[in-house]
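> here's my sequence, what's the structure:
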Amino acid sequence: MNKNVTLTETMKIVIGEVFVIVIICAAAALMGKFSLTVLFGALYGSVLNIIYFFLMCLGVNKTVDEENPNKQKATLTASYLVRLLILGAGLVVGFKSAYFNKIALVIPVLMTRPILTLYELFRKEVK
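Numbering: from 1, shown residues only. Now for the predicted structure:
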């Protein structure tokens with residue numbers, strides 16, 4: 001895999017997360033619960049998710065380039081553990097901070113699969 005694929009796939013997540021932020025803020029406003037903590041939580045959660053996804057793409061790229069199956073497994077495992085530690089630490093910081101709404105923080109982190117699924121549903125077939 002090349003870096004263009006990594007950036008293209010990550011841009012899908014970035015664009016999807018922008019929509020998620022707008023939806024979270026609009027839903028909070030409609031419920032009369034909007035505050036800057038909702039916006040900051042959604043932004044912070046989106047940034048965490050984008051970083052997680054980007055690092056996952058880099059780890060997969062590095063694994064694909066590796067010839068030795070044992071090194072592939074070790075690289076993928078190390079990548080997964082690093083990503084999990086970063087995401088966990090980021091979520092702990094977010095939950096401990098008074099600047100982030102907890103619900104608005106978690107929702108973007110859970111949106112990777114739905115975003116990619118929607119992209120696949122609306123993808124144009126290349127012939």
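> residue 58: neighbour count?
16 (other Cβ atoms under 10 Å). Just so you know, the C-beta spots here come from the backbone N, C-alpha and C atoms, and that holds for glycine as well.
> not counting its neighbours along the chain, what's nearest it?
Once flanking residues are discounted, residue 58 sits nearest to residue 6: 6.4 Å by Cβ to Cβ, 6 or more residues apart in numbering.
> and after the helix or strand residue 106 falls within, which helix or strand comes next?
Assigning secondary structure by DSSP states H and E places residue 106 in helix 102-109. Remark: after helix 102-109, the chain's next helix or strand is helix 112-121, criterion DSSP H and E.
> pull the distance from the longest helix belonging to the chain to the chain's centre.
Scanning the chain for the helix with the most residues, using DSSP state H, yields helix 36-65. Put simply, helix 36-65 sits 4 Å off its chain's centre (Cα atoms, centre = their mean, to the nearest Å).
> how about it: buried residues?
In terms of neighbour count (16 or more other Cβ atoms under 10 Å), helix 36-65 has its buried residues at 37-46, 48-50, 52-63.
> from residue 103, how far off is the residue nearest to the spatial centre of the chain?
Centroid-nearest residue in the chain, with Cα atoms, centre = their mean: residue 49, separated by 2.2 Å. Computed as Cβ to Cβ, to the nearest Å, the residue 49 to residue 103 distance reads 15 Å.
> how about residue 10?
Where residue 103 is concerned, residue 10 sits at a distance of 25 Å (Cβ to Cβ).
> which one of these two is surrounded by more residues?
Set residue 10 next to residue 103 and count neighbours by other Cβ under 10 Å: residue 10 wins out with 18 against 14.
> next up, the contacts around that one.
Residue 10 makes contact with 50, 53, 54, 57, according to Cβ atoms under 8 Å, 6 or more residues apart in numbering.
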